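Colleague: 3D model of this:
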Amino acid sequence: MSGGRLRAWQRAALDKYMAAQPKDFLAVATPGAGKTTFALRLATELVGNRTVDRVIVVVPTEHLKVQWSQAAARVGLSLDPHFTNTAGVVNPEYHGIVVTYAQVAMHPYKHRAVATAQRSLVILDEIHHGGDAKSWGDGIREAYDDAERRLALTGTPFRSDDAAIPFVRYTDDGEGYLKSRADHIYGYAEALADGVVRPVVFLAYSGEARWRTSAGEEFAARLGEPLNAEQTARAWKTALDPRGDWIPAVLRGAHTRLMQLRERMPDAGGLVIATDKTTARAYAKILGTMSSTPVTVVLSDEIGASQRIEDFSNSTDEWMVAVRMVSEGVDVPRLAVGVYATSASTPLFFAQAIGRFVRSRMPGETASVFLPSVPVLLDLASRLETQRDHVLGKPDRVKEGWDDELLAEANREKNEPDDTKSYESIGAEAELDSLIYDGSTYGTGTIAGSAEEADYLGLPGLLDAEQMRQLLKQRQAEQVEARAGEHRHEQEMKAVQRNQSAEETKSTASDEIPRLRKELNTLVSITSGRTGRPHGAIHNEARQNCGGPPTALCTAEQLRDRIAYLRDW
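Modeller: Residues are numbered from 1 along each chain as shown. Prediction:
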């Protein structure tokens with residue numbers, strides 16, 4: 001058996017393990033760094049020197065069973081991914097088995113028998129799942145408490161929780177809490193410096209969102225502005241609604257970016273992470289109008305999902321849309337553009353999702369991830385390099401992000417039954433708010449589809465970190481200078497108009513448009529007072545009936561059309 005050539009961090013971790021020969025070892029390494037390679041090399045060493053006779057790998061999903069088995073075969077280890085609880089017998093032709101946490105939790109005593117029948121190394125992939133559900137944690141503790149050796153792996157930040165993860169060592173953090181302690185850590189920042197992973201540019205999109213409650217009340221809020229939890233959740237949900245304008249505009253931007261990258265990397269692929277199967281299919285339909293190749297849809301509860309991921313990975317197709325399944329552990333190295341179109345926002349899930357795009361294949365590659373301009377996501381994006389440990393019982397854990405349950409609660413009317421429809425999306429427009437790279441923010445707001453957005457979407461796909469920083473600074477400076485030039489031109493026009501006689505002055509767009517906007521807003525206010533309808537709802541109706549962009553971008557003619565509509569109405 002051969003483990004192949006190791007990276008520096010893998011060699012350092014292996015040397016540390018072989019010197020100490022511990023019963024338990026926790027390795028924390030950023031997604032894309034090569035945890036699987038390290039674990040399998042350690043397994044071949046322990047099998048080769050007869051420390052263990054059996055290898056058992058425990059993974060979160062069914063798809064990963066096959067992926068681990070294939071990786072093990074490449075280094076001379078044969079692991080059976082088809083082991084079932086019903087049979088309960090290990091085929092003697094294999095060195096071991098690959099099972100899921102759920103399998104172990106269902107019949108822990110059966111798996112205990114497998115682990116103790118021979119001296120076994122148990123590899124617990126993404127060990128944080130031992131804290132996801134009490135049954136999973138209890139299951140692996142019962143099954144593997146007497147195993148000869150245990151290797152725990154994770155590539156994502158642990159969340160604060162009350163459930164201790166089995167086989168993880170905790171020590172006092174000095175503030176009264178217990179914090180996990182890893183035996184070897186290889187973080188994103190280190191991997192980025194070593195060229196093991198690629199840097200990520202986040203493109204954050206804001207825009208006004210409008211929705212209606214079950215009581216018929218209409219509300220409007222702007223993504224990216226300070227909002228309470230309920231407003232943020234509903235504005236976010238409205239933006240992600242495939243029937244609105246926000247998500248199609250963001251998908252167009254992402255597709256433009258992917259086409260730019262494919263000029264230098266012809267097989268570069270894109271992934272949209274959706275909240276549920278309904279929106280996933282709707283997003284795929286939208287992408288189908290842009291993509292020149294079929295759009296792959298992956299739903300984890302459908303037969304053949306694993307095969308579709310593998311087929312996409314081995315193809316040169318442009319887009320895949322998935323629900324959660326590819327947020328962790330699924331290896332598609334050619335993914336270079338992502339759209340974070342989900343409401344999940346815990347540090348754990350966010351890091352898992354972004355981990356799908358960081359695997360480096362060639363020097364200078366950069367990944368691009370499009371996401372809603374929501375404070376919690378922007379904070380996670382700017383702190384991508386931060387290493388987190390698992391903290392037991394810390395009271396501020398909810399502040400680290402909103403669980404899906406909290407978002408669901410925020411989207412529910414007070415005292416309203418769960419099955420009552422409480423919300424209806426009216427629409428949302430998209431604007432490129434800013435770019436986040438290496439913890440810094442660049443750019444000023446610009447409308448989706450504008451020339452300024454195109455400048456950012458057209459950034460070269462092969463740049464080193466310093467070149468990317470310099471180019472983003474340059475783009476931002478050009479954008480600011482262009483805005484300043486527009487302002488100077490407007491001021492000069494006003495000065496010329498003031499110097500002209502009233503008889504000679506003609507109405508120009510520079511003074512007519514502000515006057516028309518004021519007139520439109522006055523009419524909206526009057527209408528609102530007469531009908532009791534929110535201003536945003538009236539603006540939206542005028543726009544739907546007259547066409548055109550948001551009010552701030554309307555021409556004089558478009559504004560006059562809306563004024564005439566409201567007067568007639």
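
Colleague: was I right about residue 561 contacting residue 546?
Modeller: Yes - Residue 561 lies in contact with residue 546 (C-beta atoms under 8 Å); the separation is 4.5 Å. (Glycine included, C-beta is placed from N, CA and C.)

Colleague: element containing residue 153?
Modeller: strand 149-154 (DSSP states H and E).

Colleague: Only alpha carbons, please: show that strand as PDB.
Modeller: Extracted C-alpha coordinates of strand 149-154, given in PDB (Å, rounded to 0.1, in the frame of the first residue of the first chain):
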ATOM      1  CA  ARG A 149      -7.500   4.000  17.600                       C
ATOM      2  CA  ARG A 150      -9.800   6.900  16.600                       C
ATOM      3  CA  LEU A 151      -8.900   9.700  14.100                       C
ATOM      4  CA  ALA A 152     -11.400  12.700  14.100                       C
ATOM      5  CA  LEU A 153     -11.400  15.100  11.200                       C
ATOM      6  CA  THR A 154     -13.100  18.400  10.500                       C
END
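
Colleague: For residue 340, which residues are in contact?
Modeller: Listed by C-beta atoms under 8 Å, 6 or more residues apart in numbering, the contact set of residue 340 reads 273, 350, 353, 369, 370, 371, 372, 377.

Colleague: Quick one, grab the pLDDT at it.
Modeller: At residue 340, the model reports a pLDDT of 95.

Colleague: Could you do the one 3 residues further on as well?
Modeller: Each residue has a pLDDT score; the one for residue 343 is 86.

Colleague: mind checking the SS state of it?
Modeller: coil (DSSP: H, G, I helix; E, B strand; the rest coil).

Colleague: ranges for the helices of the stretch 151-300 of the chain?
Modeller: 188-194, 229-239, 246-262, 277-288 (DSSP state H, counting those that start in this stretch).

Colleague: Can you say which of those is nearest to residue 88?
Modeller: helix 277-288 (33.4 Å; C-beta to C-beta).

Colleague: That closest one: which residues count as buried?
Modeller: 277, 279, 280, 281, 282, 283, 284, 286, 287 (16 or more other C-beta atoms under 10 Å).

Colleague: hmm, back to that, for the strand holding residue 153, enumerate the helices and strands it packs against.
Modeller: Judged by 3 or more C-beta pairs under 8 Å, 6 or more residues apart in numbering; DSSP states H and E, strand 149-154 is in contact with strand 24-29, helix 35-48, strand 120-124.

Colleague: Can you show me the CA trace of the next helix or strand after the second one as PDB?
Modeller: Next along the chain after helix 35-48, taking DSSP H and E as the criterion, comes strand 54-59. Listed in PDB are the C-alpha atoms of strand 54-59, where the atom choice follows Å, rounded to 0.1, in the frame of the first residue of the first chain:
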ATOM      1  CA  ARG A  54      -9.400  -3.000  10.200                       C
ATOM      2  CA  VAL A  55     -10.300   0.500   9.000                       C
ATOM      3  CA  ILE A  56     -13.800   1.900   9.600                       C
ATOM      4  CA  VAL A  57     -14.700   5.300   8.200                       C
ATOM      5  CA  VAL A  58     -17.800   7.200   9.400                       C
ATOM      6  CA  VAL A  59     -19.200   9.900   7.100                       C
END
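
Colleague: tell me the most buried of the helices and strands packed on strand 149-154?
Modeller: strand 120-124 (a mean of 26; mean count of other C-beta atoms under 10 Å).

Colleague: by how many degrees do that one and strand 24-29 diverge?
Modeller: Here strand 120-124 points in a direction 40 degrees away from that of strand 24-29 (axes from the mean of the first three to the mean of the last three C-alpha atoms, to 10 degrees).

Colleague: Whatever helix or strand comes next after strand 120-124 versus strand 120-124: what angle between them?
Modeller: Per DSSP H and E, the first helix or strand lying C-terminal to strand 120-124 is helix 134-144. Interaxial angle, helix 134-144 versus strand 120-124 (the same axes, to 10 degrees): 160 degrees.
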